[in-house]
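Student: Below are the sequence and a predicted model; questions follow.
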Amino acid sequence: MSELAELSVEPLPSPPTQKGLAMRERLLKAAARAFTRRGYELTRVEDIVKAARTSYGNFYRHFRNKDEVLMAVLRPLLDEVYVSSKRRGGSSAHLTEDEFAANTIAFLRIYARHRELLRVMREAAARGEKASFYSMWIGERERFVRRTTAWLKRLQAAGAIDSGLDPEVAAETLGALTEQLAYVKLGLAPAKPSDAEIERLGSHSARIWYRGVFGRER
């Protein structure tokens, strides 16, 4: 994303050999474990190197610092969360309330799967506007908002929702509802949420979200 590119250094090129690729993957898995256990502030390069059972030299052949390795860990997770929330209502933009609930629950399930590392991203993002993780977090929010805004505009053009609704403000407001619910109830939960809890959260938040756009189904 452009914001992240402006605020962070260019990533090192991918290692060309199978051995190098294997070491990079080993470091990524070790970093994920270290950040999950210790959080952003307390994790050090030393912790990652020890978890990977390798040398500092191997770490610095692949990553410049702990920020760069954490961003590499987060990127595929964020992409998975984004794809999981894609609306799956066939060719029609106007989903039923049940279809919208199913999409929301699918998003929350993936969020719950990666909740520890997504919490670490929010921890790192809290350092301030110039921090690379702040840019990453804002960039992810904007990606969701752009997609939802485009969807709401299509619905308006088809006469399916109120023409007086501001699509961008609605996308920001309703997206913030889901994001904050996921962070507080899943990301900050002391234990892994059950499937029943995820479904409860998803179905209720989707109902509020859906009726805020379409009104109550009849």
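Tutor: Here it is on my side, so go on. Predicted model only: the values in this text are computed from it and were never measured.

Student: Over to the nearest residue to residue 34 once chain neighbours are set aside. Which of the three states is it?
Tutor: Of all residues not flanking residue 34 in the chain, residue 47 sits nearest, at 4.5 Å (CB to CB, 6 or more residues apart in numbering). C-beta here means a position set from N, CA and C on the backbone, and glycine is covered the same way. Following DSSP: H, G, I helix; E, B strand; the rest coil, the label given to residue 47 is helix.

Student: count of neighbours near residue 47?
Tutor: 18 (other CB atoms under 10 Å).

Student: from now on call the first residue 10
Tutor: With the count now opening at 10, the last piece we talked about shows up as residue 56.

Student: Looks like it contacts residue 45 (just checking).
Tutor: No: if you go by CB atoms under 8 Å, residue 56 and residue 45 don't touch, sitting 11.3 Å apart.

Student: gap between the residue nearest to residue 43 and residue 50?
Tutor: Relative to residue 50, residue 56 is positioned 12 Å away (CB to CB, to the nearest Å).

Student: what do you get for residue 78?
Tutor: 15 Å.

Student: who's more crowded, the two?
Tutor: residue 78 (24 against 10).

Student: tell me the contacts of the more buried one?
Tutor: Neighbour list for residue 78: 36-37, 40, 57, 68, 71-72 [criterion: CB atoms under 8 Å, 6 or more residues apart in numbering].

Student: sec struct for it, please.
Tutor: helix.

Student: The strand or helix carrying residue 108 packs against which elements?
Tutor: Counting by DSSP states H and E, the element that carries residue 108 is helix 106-122. For helix 106-122, the packing partners by 3 or more CB pairs under 8 Å, 6 or more residues apart in numbering; DSSP states H and E come out as helix 75-93, helix 176-191, helix 204-223.

Student: For the first one, list every residue counted as buried.
Tutor: Translated: helix 75-93. Buried residues in helix 75-93, counted by 16 or more other CB atoms under 10 Å: 75-83, 86-87, 90, 93.

Student: Among these, which pair sits farthest apart?
Tutor: Spanning the widest gap among these are 75 and 93, at 27.1 Å by CB to CB.
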